[in-house]
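Visitor: I'll drop the sequence and a predicted model, then ask my questions.
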Amino acid sequence: MSTTTIRAEHVGSLLRPAELLASRAEHQRGIVASEHLRELEDSAAAAALKLQHEAGMQVFTDGEVRRDDFMASVVETVGGLVPVPESSTRPRWHRDTDDAELEGDVASVAIGAPLHRRAPLSLAEARWLSTNAPGPYKITMASPTMVAGFWRRGVSDGVYPTRQEAVAALSDIYRQDIAGLIDTGVTWLQLDSLAYWSNIDPDAARMRRVTDLDGHLSHIIDTDNSLIRTARAHRAGMTVAMHFCRGNMRSAWSAKGGYEPIAERVFNEVEVDRFLLEYDTERSGGFEPLRFVPPSKTVVLGLVSSKVAQLESVDTLRRRIDEASQYLPLEQLALSPQCGFASTSQGNLLTVDDQRRKLELVAETARLVWG
């Protein structure tokens, strides 16, 4: 199946079983053996594949059930990070359903030593998927541009004088990981990047102290492209995707703003095949920026919310897809939830049944729209 004909997709993470979460916490306290935890992870990953297949998904992940959060490709597999107190530059989280303001539940760490490669978690995921996935599968990785948030003055600058040098060091590690993934048989890679926040949300730029927006955008585009080119150099015909969102933690968000400030450059310059774009609320702006997407690329519209249990209607989704097709031809569009269901291990405020219905809705709508 050509990836250009895959119309029903999801971003990557799925809700973790309660037993797995409890056992992982006990493993960290030394109560549960690593072998037993691996068995539970394999079982949860198998259940995730079964759910996706029965729901009608056309590309698979293991649900990211082996990870504590979506940043695990850095935090859990790269050495050189040390615990630090919370920083004022960390994102602030807001939840629409109850107007709550949350603290992030991802561990606060900073670069405190030279970054170095440990056993990559994504490689274990890929080996398992290569023998268990019922169809095309993808590996998701947080873009190395995200490591800029782990650079802290007074802690990191003795190792890497600038954020850009830290990002370059992590990119070198990623290039090794990508080569290993492709050697394992991976043909589909998805980069998850929040580094573009500063260019779409002035509040995010102020929080992260980004003042040179053009220079910042050029740096993250160049960094992401270096990894994409590494993947393509190792495997001709490699499918590479990029996911943008505005934060996804316990049904909360952290950034806002439409794609217009970055659309012309990012859609044309970032060398991916597919853009998975968040479009579930007004915070994401309108579809007008899609006019900049070139004919060679597909946009996966994240119209189904993974943050709330309320199920969207097929008619509403079809109407919104029709609106998007005024700016980008229908054959260049696909459908997905706006983000994962569990970007952090505790997951969003939905049930497993809610999650299933959301995935089934994506697949059903895709069949009705594209056949």
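Guide: Sure, I can see it.
Visitor: any regions of the stretch 1-150 of the chain where pLDDT drops low?
Guide: Within the stretch 1-150 of the chain, the segments meeting pLDDT under 70 span 1-2, 87-91, 99-107.
Visitor: ok, 90 please
Guide: 1-5, 28, 68-78, 83-109, 117-121, 144-150 (pLDDT under 90).
Visitor: for it, just list every one of the helices.
Guide: 18-28, 34-55, 72-75, 121-132 (DSSP state H, counting those that start in this stretch).
Visitor: same deal with the stretch 201-350 of the chain?
Guide: 202-207, 213-234, 260-269, 314-324.
Visitor: closest one to K358 among those helices?
Guide: K358 lies closest to helix 314-324 among these, at 11.1 Å (CB to CB). All C-beta spots, glycine's among them, are computed from the backbone N, C-alpha and C.
Visitor: now tabulate the helices of the stretch 1-150 of the chain in a markdown table and tack on mean neighbour count and distance to T3.
Guide: Putting the helices of the stretch 1-150 of the chain into a markdown table (neighbours: other CB atoms under 10 Å; distance: least, CB to CB, whole Å) gives the following:
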| stretch | mean neighbour count | distance to T3 |
| --- | --- | --- |
| helix 18-28 | 14 | 30 |
| helix 34-55 | 17 | 16 |
| helix 72-75 | 23 | 22 |
| helix 121-132 | 18 | 16 |
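Visitor: so which of those helices gets nearest A8?
Guide: Smallest distance to A8 across these (CB to CB): 8.5 Å, for helix 34-55.
Visitor: with just CA atoms, put the closest one into CSV.
Guide: Taking C-alpha atoms only, helix 34-55 is exported to CSV below (Å, rounded to 0.1, in the frame of the first residue of the first chain):
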residue,chain,number,x,y,z
SER,A,34,12.6,-5.9,34.6
GLU,A,35,11.6,-9.2,32.9
HIS,A,36,8.0,-9.0,34.3
LEU,A,37,7.7,-5.3,33.2
ARG,A,38,8.8,-6.3,29.7
GLU,A,39,6.1,-9.0,29.5
LEU,A,40,3.5,-6.4,30.6
GLU,A,41,4.7,-4.0,27.9
ASP,A,42,4.6,-6.6,25.2
SER,A,43,1.0,-7.5,26.3
ALA,A,44,0.0,-3.9,26.2
ALA,A,45,1.6,-3.3,22.8
ALA,A,46,-0.2,-6.4,21.5
ALA,A,47,-3.5,-5.0,22.8
ALA,A,48,-2.8,-1.7,21.1
LEU,A,49,-2.2,-3.4,17.8
LYS,A,50,-5.4,-5.3,18.1
LEU,A,51,-7.3,-2.1,18.9
GLN,A,52,-5.9,-0.3,15.9
HIS,A,53,-6.6,-3.2,13.6
GLU,A,54,-10.1,-3.6,14.7
ALA,A,55,-10.8,0.1,14.5
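Visitor: who are the packing partners of that helix?
Guide: Packing partners of helix 34-55 (3 or more CB pairs under 8 Å, 6 or more residues apart in numbering; DSSP states H and E): helix 18-28, helix 121-132, helix 352-370.
Visitor: tell me the SS of the closest residue to A205 other than its chain neighbours?
Guide: Nearest residue to A205 in three dimensions, chain neighbours excluded: S198, at 4.2 Å (CB to CB, 6 or more residues apart in numbering). With DSSP: H, G, I helix; E, B strand; the rest coil as the basis, S198 sits in helix.
Visitor: would you mind measuring from S198 to I31?
Guide: Per CB to CB, to the nearest Å, S198 is found 42 Å from I31.
Visitor: tell me which of the helices and strands packed on helix 34-55 lies nearest to R250.
Guide: Among these, helix 18-28 comes nearest to R250, with 13.4 Å by CB to CB.
Visitor: and the angle for that closest one with helix 34-55?
Guide: Orientation check (axes from the mean of the first three to the mean of the last three CA atoms, to 10 degrees): helix 18-28 against helix 34-55 gives 150 degrees.
Visitor: off-centre distance for helix 18-28?
Guide: Centroid separation between helix 18-28 and its chain, computed with CA atoms, centre = their mean, to the nearest Å, is 23 Å.
Visitor: same deal with stretch 135-146?
Guide: Centroid separation between stretch 135-146 and its chain, computed with CA atoms, centre = their mean, is 7 Å.
Visitor: hang on, the earlier thing: distance of the residue nearest to A205 relative to K50?
Guide: Relative to K50, S198 is positioned 39 Å away (CB to CB).
Visitor: ok, back up a step: more crowded one of S198 and I31?
Guide: Higher neighbour count among S198 and I31: S198, with 26 against 10, using other CB atoms under 10 Å.
Visitor: surely the more buried one meets L213?
Guide: Yes. Counting by CB atoms under 8 Å, S198 touches L213, with 6.8 Å between them.
Visitor: alright, that wraps it up for me.
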